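K.L.:
fold the following and give me the result.
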Amino acid sequence: MNLIVVESPTKAKTLSKFLGSGFSVLATMGHIRDLPERKIGIKIVKSGEPPAYKFTPEYVLMPKKQEAIEALQAAAKKATKIYLATDPDREGEAIAWHAAQILREMENGKWRMENGKKKKLSIAKQQAPLILNSQFSIPNIVRITFHEITKTAIEKALANPGQIDRQLVDAQQGRRILDRLVGYKLSPLLWFKIRRGLSAGRVQSVAVRLIVEREREIDKFVPVEYWEIAAELRRHIGGLKEGVPTFLAQLTKINGQTAKITSQDEASPVISELKEAAYEVGLVDKKEAFQSPVPPFTTSTLQQRAVGKLGFSSKRTMRAAQGLYEKGLITYHRTDSLNMATEAVEAIRLYINKVYGERYLPSSARFYKTKSKVAQEAHEAIRPTDVELKIENLKLEIGADEMKLYELIWRRTVACQMAPAIWDQTKIEVRAAGSKNIYVLTAEGKIIKFDGWLKAYGDTAHATSNTTENQLPELKQSDDLDLVKLDPEQKFTAPPARYNEASLIKTLEELGIGRPSTYAPIVSTIQDRQYVEKLEGRFQPTSLGITVNDFLMEYFPDVFDYQFTAKMEDELDDIARGKRLWQPVVADFWGPFEQKLTSVSKVAERVAVPVEVTGESCPLCKEGQLVIRVGRFGKFISCSRFPACKYTAPFAQKLEGVKCPKCGGDVVIKKSKKSKQFYGCSNYPKCDWASWRKPK
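P.N.:
Below you'll find the model as predicted:
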């Protein structure tokens, strides 16, 4: 009997479908060994030779994994060969390595359980770990990888087994130790200087910094007035006015210069002159515009698209993607590669030709260039494992979230290999001769001529030859035009938008911060720590988040610098590629960081987290003012005299200018038991109005 080790029962079940009776498939149930929860778990020894420090991780078995480990060990004793088939990335490689260590040591001594009870495994403390850069090979334990759970992929992997990639293990180990050092050494400092219970993360704190800095940009923003003037026009046909199509043209130039109108005083004479001006067509420019398809999904673009299209959080997206992958429906979902297997591309092209017709099939396959410096997480973009498997055939096999995400992936994958969409694009310049000035107004419109990839993509799958965007009437140069009406509009420049999950992930990716497997945990962690909150889909920093960010930026600006954090990611990539060793990388970080910790603990003053005053008196003590504080579970209302007065109450964010459609009271943002945001009346329980949608 051969044993195959995977991470999850779902993946084990899917694999079993493709394997014969000679195989047993067991799951580790995720990580089975890690650093301890309640202490740093890293032995640091100063060295007299490079690297300046040596780091020895003290791994322990994960809580509640004893049953899975015992099952693995029992099966391993009977197995002829053991295949480690965990996910094809650094995390999966590390799980495989830890599983191999446990199986290797089962005859040589047992492992200490973290927080374990007195059971079979809860005996002697682990001996010193293996030397991390030694050659690792156990005769009957091999490593196999595949990027899709299909019969062909599994058979190919079994026919070509290898060994654990120590470079990937070291890269994961380096990241884990770096993050542990930052978290466990900075957190006590934050407890002492700000308040107990706080923590900092090497990458998460940088994400908080982005959100805080964006909020300050918004606070400092000064709106600038500007005016847009549009004219509704129609072709002049004698005295005929009814039935002649109109179109809108926007004022773009005054006397050959770009029109910039910044006040009512500047706008008034322009409006007066345009009302009396003579209008004619100055230029008609018609051309075909080609719109190429978007590339297939990477982890980042899938998360961004799922936010906008499905309203999924990045965590929800990755949970659904994990299910799809483990059920064998999509390729591995943690990837920054845009590559697709040649066989997959050919299958997609055959499908396009069969279903949509030859017109929708380009003469040659499309291949997309990966932007990432090192697409190390997987060899392919995210795609269906079988393009013939459409969503209507899966409804009984997958959940609602998985179904929605699969359709998104399927449409994107098929569309990326289809012909471009073609639009007939028209640009009209209108000349308006006033009494003193010459004005140019511009109108643009387009009509889809061939829908191409849009037919499969979904958002505009309804596109036909009649689909238009601001359709313009047939006009030719020098045609006289009649003014129907002017539409001047006073506007003000808007501040930069707050980050939502999509824009935050996109910015992190552009800065080179984080990797495919880390985006969702970053976004979840900064919310769980109450450093930021999501209001109407966008992130705002809490007073606690601002305070922690300002403290870290004052005393550790280099550690949480964007470029420095990106450089650390590059160095971890270098470890994965075998260009660096993890010990020197961690040592180079630890030396200056340790010195800074020592000096900051001596010179930094204690910082108070500011509270927001509501202007209401405390109903309990009648002396204090009600203030808004940030606790472990988010914002709450308390008395300013705390701890002398213990009054507290739940906090609900009020929407300015929005009234309850039922009673006229204020509308507030609330959260359900599952932390899903909804809208309710501030007069509850007297008024029970509530809605998932924001009232107008």
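K.L.:
which residues in the stretch 451-600 of the chain form strands?
P.N.:
468-469, 480-492, 532-535, 538-541 (DSSP state E, counting those that start in this stretch).
K.L.:
okay, now E623: neighbour count?
P.N.:
Using other CB atoms under 10 Å, E623 has 12 neighbouring residues. Every residue, glycine included, has its C-beta placed from N, CA and C.
K.L.:
OK, contacts around the nearest residue to it once chain neighbours are set aside?
P.N.:
Distance criterion CB to CB, 6 or more residues apart in numbering; nearest residue to E623, sequence neighbours excluded, is R641 at 6.3 Å. R641 sits next to C618, C621, E623, G624 when contact means CB atoms under 8 Å, 6 or more residues apart in numbering.
K.L.:
and the gap between R641 and Q625?
P.N.:
From R641 across to Q625, the span is 8 Å (CB to CB, to the nearest Å).
K.L.:
need the residues touching each of these two.
P.N.:
Counting by CB under 8 Å, 6+ apart, the residues touching both R641 and Q625 are C618.
K.L.:
now do the helix or strand containing E429 against strand 480-492, angle only.
P.N.:
E429 belongs to strand 421-433 when assigned by DSSP states H and E. Strand 421-433 and strand 480-492 are oriented at 100 degrees to each other (axes from the mean of the first three to the mean of the last three CA atoms, to 10 degrees).
K.L.:
the inter-axis angle of whatever helix or strand comes next after strand 421-433 versus strand 480-492?
P.N.:
Going down the chain from strand 421-433, the next helix or strand is strand 438-450, by DSSP H and E. Angle between the axes of strand 438-450 and strand 480-492 is 90 degrees (criterion: the same axes, to 10 degrees).
K.L.:
show me what counts as buried in strand 438-450.
P.N.:
Buried residues in strand 438-450, defined by neighbour count with 16 or more other CB atoms under 10 Å: Y439, V440, L441, A443, E444, G445, K446, I447, I448, F450.
K.L.:
from those, which is closest to F23?
P.N.:
Nearest to F23, judged by CB to CB, of the buried residues of strand 438-450 is F450 at 50.0 Å.
K.L.:
give me the beta-bridge partners of the closest one?
P.N.:
Taking DSSP bridges as the rule, F450 bridges to I422.
K.L.:
again with I4
P.N.:
With DSSP bridges as the rule, I4 is bridged to V25, Y83.
K.L.:
distance check, the most centrally placed residue in the chain against E594.
P.N.:
When CA atoms, centre = their mean is applied to the chain, the residue found nearest the centroid is I505 (4.0 Å). According to CB to CB, I505 and E594 sit 32 Å apart.
K.L.:
in CSV: the contacts of R641, plus pLDDT, secondary structure and distance to E569.
P.N.:
CSV is the format used below for these (pLDDT from 0 to 100; DSSP: H, G, I helix; E, B strand; the rest coil; distance: CB to CB, whole Å):
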residue, pLDDT, secondary structure, distance to E569
C618, 93, coil, 48
C621, 91, coil, 51
E623, 90, coil, 52
G624, 91, coil, 47
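K.L.:
which of those residues count as buried?
P.N.:
The buried subset of those (16+ other CB under 10 Å) comprises C618, G624.
K.L.:
what's the first helix or strand after the helix or strand where A171 lies?
P.N.:
According to DSSP H and E, A171 maps onto helix 166-193. Downstream of helix 166-193, the first helix or strand assigned by DSSP H and E is helix 204-220.
K.L.:
who's in contact with that following helix?
P.N.:
Against helix 204-220 from outside (CB under 8 Å, 6+ apart): 495-496, 498-499, 504, 507-508, 513, 522-523, 525-526, 529, 531-532, 539-541, 545-546, 548-550, 552-553, 560, 562, 565.
K.L.:
chain center to stretch 227-244: distance?
P.N.:
Mean-position distance between stretch 227-244 and its chain equals 47 Å (CA atoms, centre = their mean, to the nearest Å).
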